[in-house]
Structures are given as structure tokens and as C-alpha cells.
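**Q** Predicted model and sequence follow; I will ask about them next.
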Amino acid sequence: GNRTPSVLIQSEAAGSTLVPAPADAALGTSWTEVPFDDSAWRPVRTGVGYDENNTYVSEFGTNGNLDATLNGVNTSFYLRVPFQLSDVGSIAELSLRMKFDDGFVCFLNGTYVEDENAPALGVLAYNSGSTANHADGDATTFASFDLTSFAHLLQNGSNVLAIQGLNDGLGSSDMLITPELHAVRITDP
């Protein structure tokens, strides 16, 4: 068969975001599942974050600058990016590409798949911070993570990539999360 690159989620994809408050701790990881009511969340296009020094202004999508709701309020925010798929059986490779300042935990259809600069899943909380800094100069370059072993989680119809963005401190001057999801499909000639 032919190997055909396919972008499942691109930059400036439509999603929804929440800066979780203490009451949202009760959500656990239910917010990462496909069936979840995020109608009260803020609609955005990625990237998402905030920036006091204008390093990332060009990186933010529509509504993506959370300065007023996130800066100094929480070191975490939740991001849901829904996407539709058909013919999932043809997907042979899957990769996550992330621009991030400073860390993240990523879920696919409710299942943990990847993290960077993040606390262990068992202690991850609504207000967790990153465990390390990711330099501004690196944060605007996509890092790639192989998710092929999780491709079986994809389903025909509705899917959701859910990300908890992690910052390295309430006093941090900036934050950025931009995910992309790429696949390679094997198709008949």
C-alpha cells in the first residue's frame, strides 16, 4: 500500500480550555474523555497560554491568550481538542508534535499517552506545575513524540486530544501549549 501522511490536528485547531479552580479537582481525569460537557469552557484556537514579554504573541490562536484568567492564578490549564476520524484501520503511525512552555500531560480519548516535565500521574493535580523549565527558545519549535503504540485508542467518529498544560511557577512570565497530531496511513494504490 501507499504511505500517506495525514494531519489529524493542526495548529490553530479549534478546542476549548479551562483554568481549573479548586472545585474542578473533582473532575479527576473525566475531562479527558470523549463524552464530556465542555460547553461552559472557553473556545479557543491553539496555541494557548499567556505572555508578559511578547515572546509568543504570534503563537497564540484566536482567544488563546489566557493572560487575565491564567497568569498568577494557576500553573495548570486544561485543553480539549476534538477531531473526527474515519477509516482508523489505515493508520500505521501516530505522532504528537508539541510546542510547550514548560510541560504537559497528554491524553488520547481519556487514556494517558505522553508527558514532559510533568509530575507522576498519581500525584497530578488541577494545580500542578511543571517539574522543569523548557527554555523559551526551544518552546516555539515542535518536539515530536511517537504515539504509534497508542494508535489503537483512535476510533471512527469523535476523538479528543486532551492536554494539561504545566507552567514552572505562578510568577512565570509566559506559557505556551500548541499540539499537533500527525499520522501515516497505509492506503491501497
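**A** The structure has been received and is ready for your questions.

**Q** going forward, measure contacts and count neighbours with C-alpha atoms only.
**A** OK.

**Q** remind me, longest strand of the chain?
**A** With residue count as the measure and DSSP state E as the assignment, the chain has strand 174-187 as its longest strand.

**Q** Pull up the pairing partners for that one, direction included.
**A** Paired strands of strand 174-187, with direction, are strand 2-9 (antiparallel), strand 48-51 (antiparallel), strand 91-101 (antiparallel) (DSSP bridges).

**Q** what's the distance between that strand and the middle of its chain?
**A** Distance of strand 174-187 from the chain centroid (Cα atoms, centre = their mean, to the nearest Å) equals 9 Å.

**Q** show me where pLDDT drops low in the chain?
**A** In the prediction, the chain carries no residues with pLDDT under 70.

**Q** Go ahead and flag the most central residue of it.
**A** Note on the chain: the residue nearest the mean C-alpha position is residue 163, at 3.4 Å, using Cα atoms, centre = their mean.

**Q** Who are the contact partners of that residue?
**A** With contacts taken as Cα atoms under 8 Å, 6 or more residues apart in numbering, residue 163 has the following neighbours: 32, 78-80, 104-107.

**Q** Tell me which stretches of the chain form helices.
**A** Counting by DSSP state H, the segments of the chain that form helices are 67-70, 136-139.

**Q** and the last one, which residues are buried?
**A** Of the residues in helix 136-139, those scored as buried under the neighbour-count criterion (16 or more other Cα atoms under 10 Å) are 136, 139.

**Q** can you offset everything so residue one is 31?
**A** Taking 31 as the first residue, the last one we looked at is helix 166-169.

**Q** Now do that helix: which elements does it pack against?
**A** Other elements packing on helix 166-169 under the criterion 3 or more Cα pairs under 8 Å, 6 or more residues apart in numbering; DSSP states H and E are strand 121-131.

**Q** Now do the buried residues in the strand it packs on.
**A** Of the residues in strand 121-131, those buried under the neighbour-count criterion (16+ other Cα under 10 Å) are 121-131.

**Q** Quick check: closest non-adjacent residue to residue 73.
**A** Once its chain neighbours are removed from consideration, residue 73 has its nearest residue in residue 46; the separation is 4.4 Å (Cα to Cα, 6 or more residues apart in numbering).

**Q** Which residues does that neighbour form beta bridges with?
**A** In this structure, residue 46 has the following beta-bridge partners (DSSP bridges): residue 73, residue 110.

**Q** pretty sure it is touching residue 67, no?
**A** No. Assessed by Cα atoms under 8 Å, residue 46 is found out of contact with residue 67, at 10.6 Å.

**Q** The two: which has the busier surroundings?
**A** residue 46 (23 against 10; other Cα atoms under 10 Å).

**Q** and residue 104, how many residues sit next to it?
**A** Neighbours of residue 104 under the rule other Cα under 10 Å: 20.

**Q** nope, residue 103 is what I meant
**A** As a burial measure, the neighbour count of residue 103 was computed by other Cα under 10 Å and equals 15.

**Q** what's the nearest residue to it if we skip its chain neighbours?
**A** Of all residues beyond its chain neighbours, the one nearest residue 103 is residue 200 (6.7 Å), with distances taken as Cα to Cα, 6+ apart.
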